[in-house]
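1. let's see this in three dimensions:
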Amino acid sequence: MPHASGLVGDDASSRDLVARAADALERLRARRPRVHCITNTVAQAYTANLLLAAGAVPSMTIAADEVAAFVAGADALLVNIGTLDEPRRAAIGIAIDAAAEAGIPWVLDPVFVDRSPGRATFGEALLAMRPTILRLNPSEFSTLSGLAAEPGQVARFARDSGAVVALTGKTDRIADATRLAAVANGHRWMTRITAMGCAGAALTAAFAAVEPDPWCATVAALVCLGVAGERAAVVSSGPGTLATAILDTLFDLDRKDLQERAKVS
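-> A predicted model of the protein is given here:
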């Protein structure tokens with residue numbers, strides 16, 4: 001596993017992480033965890049389908065009179081603020097409280113937190129509620145952290161926030177208080193598919209439901225989605241066919257695929 005410095009720096013460490021990702025994928029399929037997703041309207045259908053393809057079970061109600069019960073019966077929670085309407089604002093607070101009471105992990109995906117002051121303020125308030133995992137892009141990272149989106153700053157923000165921080169991009173950087181890893185899997189067409197990042201955050205929640213180490217869970221989710229994207233691109237002609245093919249390749253993903261294709265450092 002990672003060196004004392006916190007970096008995954010040799011082949012053995014990388015192989016250990018890939019093996020743990022494969023183990024987590026097998027547990028996910030065996031246990032079929034339910035992930036309650038408070039996510040944006042654009043992402044709901046694709047997120048549900050991707051979770052089902054991976055082996056998890058989605059639920060998505062935002063009704064104030066039932067969301068707490070749904071979260072209490074789930075194994076993990078996703079909070080995505082892409083379409084931040086009033087019903088979702090209300091549901092988010094209820095859901096996070098229910099997750100805390102149930103002791104289940106939750107993932108914060110602060111979509112477009114960089115686009116408006118009000119959204120940034122709301123994102124900061126959610127961050128103060130101590131998400132287990134924070135998954136975000138460089139602009140969102142800089143808005144919430146006040147730091148440049150660089151590997152060392154990702155580690156610093158993880159220490160300051162208490163969350164596992166996953167900074168996504170051409171190479172994903174995943175940090176907690178003591179460890180930092182990079183995942184270089186994926187395909188450029190994935191950035192052209194609506195809801196791909198949102199669904200990836202939900203997949204991260206699914207892995208956190210079956211992997212007790214949130215850092216390893218995050219690495220596993222990003223590796224699995226990236227490898228599925230690479231495999232899907234081989235049989236796709238563009239983003240449209242890739243979106244469907246990723247569901248098929250994720251459903252069919254196995255340990256051998258991860259061992260042969262994972263790019264973890």
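2. can you pull out the helices in the protein?
-> Under the criterion DSSP state H, the chain contains helices at 11-31, 44-54, 67-72, 86-102, 117-127, 138-145, 151-161, 196-210, 214-234, 239-252, 255-261.
3. most packed of those helices?
-> Most buried of these, by mean neighbour count (mean count of other CB atoms under 10 Å): helix 196-210, with a mean of 28. Every residue, glycine included, has its C-beta placed from N, CA and C.
4. and that helix, what does it pack onto?
-> Judged by 3 or more CB pairs under 8 Å, 6 or more residues apart in numbering; DSSP states H and E, the packing partners of helix 196-210 are helix 11-31, strand 34-38, helix 44-54, strand 76-80, strand 106-109, strand 133-136, helix 214-234.
5. Ala195 is nearest to which of the ones you listed?
-> helix 44-54 (4.1 Å; CB to CB).
6. quick one: that closest one to helix 11-31, angle?
-> Between helix 44-54 and helix 11-31, the angle comes out at 100 degrees (axes from the mean of the first three to the mean of the last three CA atoms, to 10 degrees).
7. save the helices of the chain as a markdown table, and put in distance to Val79 and mean pLDDT too.
-> Listed next are the helices of the chain as a markdown table, based on distance: least, CB to CB, whole Å; pLDDT from 0 to 100:
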| stretch | distance to Val79 | mean pLDDT |
| --- | --- | --- |
| helix 11-31 | 20 | 93 |
| helix 44-54 | 13 | 98 |
| helix 67-72 | 10 | 98 |
| helix 86-102 | 5 | 97 |
| helix 117-127 | 7 | 97 |
| helix 138-145 | 14 | 98 |
| helix 151-161 | 15 | 95 |
| helix 196-210 | 9 | 98 |
| helix 214-234 | 15 | 98 |
| helix 239-252 | 22 | 98 |
| helix 255-261 | 28 | 97 |
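8. next, format those helices as TSV and append distance to Trp189.
-> Conversion of the helices of the chain to TSV gives the following (distance: least, CB to CB, whole Å):
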stretch	distance to Trp189
helix 11-31	23
helix 44-54	14
helix 67-72	33
helix 86-102	29
helix 117-127	28
helix 138-145	20
helix 151-161	25
helix 196-210	9
helix 214-234	6
helix 239-252	5
helix 255-261	16
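9. right, and those helices - which one's nearest Arg173?
-> With CB to CB as the criterion, Arg173 lies closest to helix 151-161 of the helices of the chain, at 4.8 Å.
10. so what touches the closest one?
-> Outside helix 151-161, the residues that touch it by CB atoms under 8 Å, 6 or more residues apart in numbering are 6, 127, 134, 141, 144-145, 147, 164-165, 167, 173, 175-177, 180, 182.
11. just the buried ones from those residues?
-> Buried residues within the contacts of helix 151-161, counting neighbours by 16 or more other CB atoms under 10 Å: 6, 127, 134, 141, 144-145, 164-165, 167, 173, 175-176, 180, 182.
12. so which two of those residues are the farthest from each other?
-> Greatest spacing in the buried ones among the contacts of helix 151-161, by CB to CB: Leu127 and Ala182 (23.1 Å).
13. quick one: terminal-to-terminal distance for stretch 252-265?
-> Length of stretch 252-265, first residue to last, CA to CA, to the nearest Å: 25 Å.
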